[in-house]
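Asker: Sequence plus predicted model, see below.
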Amino acid sequence: MEQNALLQNIKEAAEYIRSKYPIEPEIGLVLGSGLGVIADMVQDGVVIPYEDIPHFPVSTVEGHAGELLLGTVSGRHVLLMKGRFHMYEGYSVETVSFPIRVMKALGVKILLVTNAAGGINTSYNVGDLMLIKDHINFTFRNPLIGPNHSELGVRFPDMSEAYSRRLRDIAKTVASEQGQKLQEGVYIGLLGPSYETPAEIRMMRTLGADAVGMSTVAEVLVARHAGIEVLGFSCISNMAAGILDQPLSHQEVMETTERVKQTFLKLIVGIIPRI
(Lines give C-alpha, C1' and ligand atoms only; values in the text may rest on other atoms or scores of the structure.)
Protein backbone atom coordinates (compact mmCIF):
# COMPACT_ATOMS: atom_id res chain seq x y z
CA MET A 1 0.00 0.00 0.00
CA GLU A 2 1.19 3.54 -0.76
CA GLN A 3 2.58 4.97 2.49
CA ASN A 4 0.42 8.10 2.68
CA ALA A 5 -2.67 5.94 2.13
CA LEU A 6 -1.50 3.60 4.91
CA LEU A 7 -1.05 6.53 7.32
CA GLN A 8 -4.50 7.83 6.43
CA ASN A 9 -6.09 4.39 6.94
CA ILE A 10 -4.41 4.02 10.33
CA LYS A 11 -5.64 7.49 11.33
CA GLU A 12 -9.23 6.81 10.25
CA ALA A 13 -9.40 3.43 12.03
CA ALA A 14 -7.90 4.89 15.22
CA GLU A 15 -10.26 7.87 15.19
CA TYR A 16 -13.29 5.61 14.84
CA ILE A 17 -12.18 3.41 17.76
CA ARG A 18 -11.40 6.49 19.86
CA SER A 19 -14.91 7.82 19.19
CA LYS A 20 -16.31 4.66 20.82
CA TYR A 21 -13.74 4.46 23.65
CA PRO A 22 -11.91 7.75 24.31
CA ILE A 23 -9.51 6.39 26.97
CA GLU A 24 -6.00 5.48 25.78
CA PRO A 25 -5.30 1.74 26.09
CA GLU A 26 -1.88 0.76 27.49
CA ILE A 27 -1.89 -2.90 26.58
CA GLY A 28 -2.96 -4.60 23.36
CA LEU A 29 -3.89 -8.28 23.31
CA VAL A 30 -4.20 -10.50 20.25
CA LEU A 31 -5.91 -13.79 21.10
CA GLY A 32 -5.46 -16.98 19.11
CA SER A 33 -7.81 -19.89 18.42
CA GLY A 34 -9.99 -20.70 21.42
CA LEU A 35 -8.21 -18.24 23.71
CA GLY A 36 -10.80 -15.45 23.65
CA VAL A 37 -11.78 -16.35 27.23
CA ILE A 38 -9.64 -13.45 28.48
CA ALA A 39 -12.39 -11.20 27.16
CA ASP A 40 -14.60 -12.45 30.01
CA MET A 41 -12.32 -10.61 32.45
CA VAL A 42 -12.62 -7.21 30.78
CA GLN A 43 -14.60 -4.73 32.88
CA ASP A 44 -16.62 -1.79 31.56
CA GLY A 45 -16.01 -3.17 28.10
CA VAL A 46 -16.98 -1.59 24.80
CA VAL A 47 -17.35 -4.04 21.89
CA ILE A 48 -16.65 -2.94 18.31
CA PRO A 49 -17.22 -5.47 15.48
CA TYR A 50 -14.31 -5.52 13.03
CA GLU A 51 -16.67 -4.84 10.14
CA ASP A 52 -17.56 -1.45 11.68
CA ILE A 53 -13.95 -0.24 11.84
CA PRO A 54 -12.70 1.58 8.73
CA HIS A 55 -10.14 -0.46 6.75
CA PHE A 56 -10.24 -3.43 9.16
CA PRO A 57 -10.43 -6.91 7.62
CA VAL A 58 -12.82 -9.55 9.02
CA SER A 59 -11.74 -12.82 10.66
CA THR A 60 -13.15 -15.98 9.02
CA VAL A 61 -11.74 -18.75 11.25
CA GLU A 62 -13.66 -20.91 13.74
CA GLY A 63 -12.65 -19.90 17.26
CA HIS A 64 -12.02 -16.27 16.25
CA ALA A 65 -14.90 -13.98 17.24
CA GLY A 66 -14.06 -10.98 15.04
CA GLU A 67 -14.47 -8.05 17.40
CA LEU A 68 -12.46 -5.49 19.29
CA LEU A 69 -13.02 -5.13 23.02
CA LEU A 70 -11.81 -2.14 25.03
CA GLY A 71 -12.00 -1.88 28.81
CA THR A 72 -10.00 -2.64 31.92
CA VAL A 73 -8.33 -5.77 33.28
CA SER A 74 -6.90 -5.54 36.79
CA GLY A 75 -7.16 -1.77 36.57
CA ARG A 76 -5.20 -1.47 33.29
CA HIS A 77 -6.79 -0.16 30.12
CA VAL A 78 -6.59 -2.80 27.41
CA LEU A 79 -7.50 -3.22 23.77
CA LEU A 80 -8.28 -6.82 23.01
CA MET A 81 -8.63 -8.45 19.59
CA LYS A 82 -10.98 -11.44 19.76
CA GLY A 83 -9.80 -13.13 16.63
CA ARG A 84 -6.88 -12.23 14.39
CA PHE A 85 -6.24 -12.31 10.66
CA HIS A 86 -4.11 -14.85 8.83
CA MET A 87 -2.38 -14.87 5.49
CA TYR A 88 -3.97 -18.27 4.76
CA GLU A 89 -7.34 -16.49 4.66
CA GLY A 90 -6.04 -14.65 1.61
CA TYR A 91 -4.99 -11.47 3.39
CA SER A 92 -1.70 -9.75 2.61
CA VAL A 93 0.99 -9.52 5.26
CA GLU A 94 0.28 -5.77 5.48
CA THR A 95 -3.41 -6.38 6.16
CA VAL A 96 -2.71 -9.04 8.79
CA SER A 97 -0.50 -6.62 10.73
CA PHE A 98 -2.62 -3.48 10.18
CA PRO A 99 -4.40 -3.71 13.59
CA ILE A 100 -1.02 -3.44 15.36
CA ARG A 101 -0.40 -0.14 13.55
CA VAL A 102 -3.79 1.05 14.81
CA MET A 103 -2.95 -0.06 18.37
CA LYS A 104 0.20 2.05 18.26
CA ALA A 105 -1.79 5.07 17.04
CA LEU A 106 -4.17 4.60 19.98
CA GLY A 107 -1.31 4.62 22.49
CA VAL A 108 -0.62 0.93 23.11
CA LYS A 109 2.88 0.40 24.56
CA ILE A 110 2.83 -3.36 25.26
CA LEU A 111 1.50 -6.13 23.01
CA LEU A 112 0.53 -9.50 24.41
CA VAL A 113 0.13 -12.08 21.63
CA THR A 114 -1.20 -15.60 22.04
CA ASN A 115 -1.59 -18.49 19.64
CA ALA A 116 -2.45 -22.15 19.48
CA ALA A 117 0.59 -24.05 18.21
CA GLY A 118 1.80 -27.54 17.41
CA GLY A 119 4.49 -28.93 19.71
CA ILE A 120 7.75 -29.72 17.92
CA ASN A 121 9.86 -30.15 21.05
CA THR A 122 9.26 -33.78 22.08
CA SER A 123 9.56 -32.91 25.78
CA TYR A 124 6.38 -30.82 25.50
CA ASN A 125 2.90 -32.15 26.24
CA VAL A 126 -0.46 -31.19 24.77
CA GLY A 127 -1.90 -28.44 26.97
CA ASP A 128 1.48 -26.92 27.92
CA LEU A 129 1.88 -23.15 27.78
CA MET A 130 5.04 -21.95 26.07
CA LEU A 131 6.54 -18.53 26.63
CA ILE A 132 7.87 -17.39 23.25
CA LYS A 133 11.50 -16.32 23.57
CA ASP A 134 12.14 -15.91 19.83
CA HIS A 135 10.70 -16.75 16.45
CA ILE A 136 11.69 -18.00 13.01
CA ASN A 137 9.88 -16.40 10.08
CA PHE A 138 9.03 -19.25 7.70
CA THR A 139 6.20 -17.33 6.10
CA PHE A 140 8.91 -15.61 4.03
CA ARG A 141 6.75 -12.49 4.15
CA ASN A 142 7.62 -9.23 5.89
CA PRO A 143 5.11 -6.38 6.43
CA LEU A 144 7.94 -3.84 6.47
CA ILE A 145 8.91 -4.33 2.82
CA GLY A 146 8.40 -1.20 0.73
CA PRO A 147 9.00 2.48 1.40
CA ASN A 148 9.55 3.19 5.10
CA HIS A 149 7.67 6.01 6.80
CA SER A 150 9.65 7.41 9.74
CA GLU A 151 6.39 8.17 11.57
CA LEU A 152 5.82 4.42 11.89
CA GLY A 153 9.36 3.30 12.77
CA VAL A 154 12.96 3.06 11.65
CA ARG A 155 13.98 1.57 8.29
CA PHE A 156 15.94 -1.35 9.81
CA PRO A 157 14.38 -2.35 13.16
CA ASP A 158 16.45 -4.44 15.56
CA MET A 159 15.01 -7.91 16.25
CA SER A 160 17.63 -9.18 18.71
CA GLU A 161 15.00 -9.00 21.48
CA ALA A 162 11.74 -9.39 19.58
CA TYR A 163 10.11 -10.80 22.73
CA SER A 164 10.92 -8.63 25.74
CA ARG A 165 13.22 -10.22 28.30
CA ARG A 166 11.75 -7.93 30.96
CA LEU A 167 8.22 -9.13 30.25
CA ARG A 168 9.32 -12.77 30.02
CA ASP A 169 10.88 -12.50 33.47
CA ILE A 170 7.63 -11.13 34.89
CA ALA A 171 5.68 -13.97 33.25
CA LYS A 172 8.03 -16.58 34.72
CA THR A 173 7.71 -15.05 38.19
CA VAL A 174 3.90 -15.04 38.04
CA ALA A 175 3.81 -18.63 36.73
CA SER A 176 6.11 -19.74 39.54
CA GLU A 177 3.97 -18.02 42.18
CA GLN A 178 0.88 -19.72 40.76
CA GLY A 179 2.59 -23.12 40.65
CA GLN A 180 2.17 -23.25 36.88
CA LYS A 181 4.56 -25.05 34.58
CA LEU A 182 5.68 -22.74 31.81
CA GLN A 183 7.76 -23.92 28.88
CA GLU A 184 9.98 -21.44 27.04
CA GLY A 185 10.94 -21.85 23.42
CA VAL A 186 11.17 -20.72 19.81
CA TYR A 187 8.03 -20.32 17.69
CA ILE A 188 8.22 -20.91 13.95
CA GLY A 189 5.55 -19.24 11.82
CA LEU A 190 4.33 -20.71 8.52
CA LEU A 191 1.71 -19.61 6.03
CA GLY A 192 -0.64 -22.62 6.34
CA PRO A 193 -3.47 -23.50 6.06
CA SER A 194 -2.32 -27.11 5.66
CA TYR A 195 -0.59 -28.61 8.66
CA GLU A 196 3.07 -29.49 8.23
CA THR A 197 4.37 -32.85 7.04
CA PRO A 198 6.41 -35.08 9.38
CA ALA A 199 9.50 -34.35 7.24
CA GLU A 200 8.95 -30.61 7.61
CA ILE A 201 8.60 -31.00 11.38
CA ARG A 202 11.91 -32.91 11.56
CA MET A 203 13.53 -30.07 9.60
CA MET A 204 12.08 -27.44 11.94
CA ARG A 205 13.29 -29.29 15.02
CA THR A 206 16.79 -29.38 13.51
CA LEU A 207 16.55 -25.62 12.94
CA GLY A 208 15.78 -25.05 16.63
CA ALA A 209 12.01 -24.54 16.64
CA ASP A 210 9.95 -25.75 19.62
CA ALA A 211 6.43 -24.92 18.40
CA VAL A 212 4.82 -24.20 15.03
CA GLY A 213 1.85 -22.08 14.02
CA MET A 214 0.32 -19.92 11.30
CA SER A 215 0.24 -16.47 12.90
CA THR A 216 2.03 -14.02 15.24
CA VAL A 217 5.25 -13.33 13.30
CA ALA A 218 3.94 -10.46 11.13
CA GLU A 219 2.23 -8.87 14.13
CA VAL A 220 5.43 -8.95 16.15
CA LEU A 221 7.52 -7.52 13.29
CA VAL A 222 5.20 -4.53 13.06
CA ALA A 223 5.02 -4.13 16.86
CA ARG A 224 8.80 -3.99 17.17
CA HIS A 225 9.03 -1.62 14.21
CA ALA A 226 6.60 0.63 16.10
CA GLY A 227 8.57 0.40 19.36
CA ILE A 228 5.95 -1.71 21.14
CA GLU A 229 7.24 -4.17 23.75
CA VAL A 230 6.05 -7.75 23.09
CA LEU A 231 5.15 -10.73 25.28
CA GLY A 232 4.05 -13.92 23.52
CA PHE A 233 2.52 -17.26 24.51
CA SER A 234 1.77 -20.44 22.59
CA CYS A 235 -0.76 -22.95 23.86
CA ILE A 236 0.57 -26.34 22.73
CA SER A 237 -2.76 -27.53 21.37
CA ASN A 238 -1.49 -30.66 19.63
CA MET A 239 1.80 -32.40 18.95
CA ALA A 240 3.10 -31.64 15.47
CA ALA A 241 2.88 -34.11 12.58
CA GLY A 242 4.73 -37.39 12.95
CA ILE A 243 5.29 -37.23 16.70
CA LEU A 244 2.22 -39.18 17.89
CA ASP A 245 1.46 -41.02 14.64
CA GLN A 246 -2.03 -39.56 14.40
CA PRO A 247 -3.72 -37.05 12.06
CA LEU A 248 -4.06 -33.39 13.08
CA SER A 249 -7.33 -31.46 13.26
CA HIS A 250 -8.59 -28.01 14.23
CA GLN A 251 -11.10 -29.79 16.48
CA GLU A 252 -8.23 -31.03 18.66
CA VAL A 253 -6.86 -27.47 18.81
CA MET A 254 -10.20 -26.13 20.06
CA GLU A 255 -10.65 -28.95 22.60
CA THR A 256 -7.18 -28.38 24.07
CA THR A 257 -7.55 -24.61 24.37
CA GLU A 258 -10.92 -25.17 26.06
CA ARG A 259 -9.25 -27.49 28.59
CA VAL A 260 -6.42 -25.11 29.52
CA LYS A 261 -8.27 -21.81 29.29
CA GLN A 262 -8.72 -21.28 33.05
CA THR A 263 -5.03 -21.89 33.73
CA PHE A 264 -4.12 -19.56 30.89
CA LEU A 265 -6.59 -16.93 32.07
CA LYS A 266 -5.19 -16.97 35.60
CA LEU A 267 -1.67 -16.48 34.27
CA ILE A 268 -2.56 -13.55 32.01
CA VAL A 269 -4.64 -11.83 34.69
CA GLY A 270 -1.69 -12.24 37.07
CA ILE A 271 0.74 -10.73 34.58
CA ILE A 272 -1.24 -7.66 33.43
CA PRO A 273 -1.02 -5.63 36.69
CA ARG A 274 2.77 -6.06 36.78
CA ILE A 275 3.63 -4.95 33.28
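Answerer: That came through, no problem.

Asker: Longest helix in the protein, please.
Answerer: Counting by DSSP state H, the longest helix found in the chain is helix 250-271.

Asker: and that helix, what other elements does it pack with?
Answerer: In terms of contacts (3 or more CB pairs under 8 Å, 6 or more residues apart in numbering; DSSP states H and E), helix 250-271 is packed against strand 110-119, strand 129-137, helix 165-178, strand 229-239. Any C-beta I mention is one placed from the backbone N, CA and C, and that applies to glycine too.

Asker: Go again with 6 Å.
Answerer: Judged by 3 or more CB pairs under 6 Å, 6 or more residues apart in numbering; DSSP states H and E, helix 250-271 is in contact with helix 165-178, strand 229-239.

Asker: Measure how the longest one sits relative to strand 229-239, angle-wise.
Answerer: If you take axes from the mean of the first three to the mean of the last three CA atoms, to 10 degrees, helix 165-178 sits at 50 degrees to strand 229-239.

Asker: Give the rounded mean pLDDT of the helix or strand just after helix 165-178.
Answerer: For helix 165-178, the succeeding helix or strand toward the C-terminus, using DSSP states H and E, is strand 182-189. Averaging pLDDT along strand 182-189 gives 98.

Asker: now what about the next helix or strand along the chain from strand 182-189, what contacts it?
Answerer: Later in the chain than strand 182-189, the nearest helix or strand by DSSP H and E is helix 198-207. With contacts defined as CB atoms under 6 Å, 6 or more residues apart in numbering, helix 198-207 is touched by I120, I188, A240, A241, G242.

Asker: still on that earlier bit, export the helices and strands packed on helix 250-271 to JSON lines and append columns for mean neighbour count, distance to M254 and mean pLDDT.
Answerer: Output for these, formatted as JSON lines (neighbours: other CB atoms under 10 Å; distance: least, CB to CB, whole Å; pLDDT from 0 to 100):
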{"stretch": "helix 165-178", "mean neighbour count": "15", "distance to M254": "24", "mean pLDDT": "98"}
{"stretch": "strand 229-239", "mean neighbour count": "25", "distance to M254": "8", "mean pLDDT": "93"}
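
Asker: From E26, how far out is the residue nearest to the spatial centre of the chain?
Answerer: Nearest to the geometric centre of the chain sits V113, at 2.9 Å (CA atoms, centre = their mean). According to CB to CB, to the nearest Å, V113 stands 16 Å off from E26.

Asker: same question, G185
Answerer: Computed as CB to CB, the G185 to E26 distance reads 27 Å.

Asker: excluding its backbone neighbours, what's nearest L31?
Answerer: Of all residues not flanking L31 in the chain, T114 sits nearest, at 5.4 Å (CB to CB, 6 or more residues apart in numbering).
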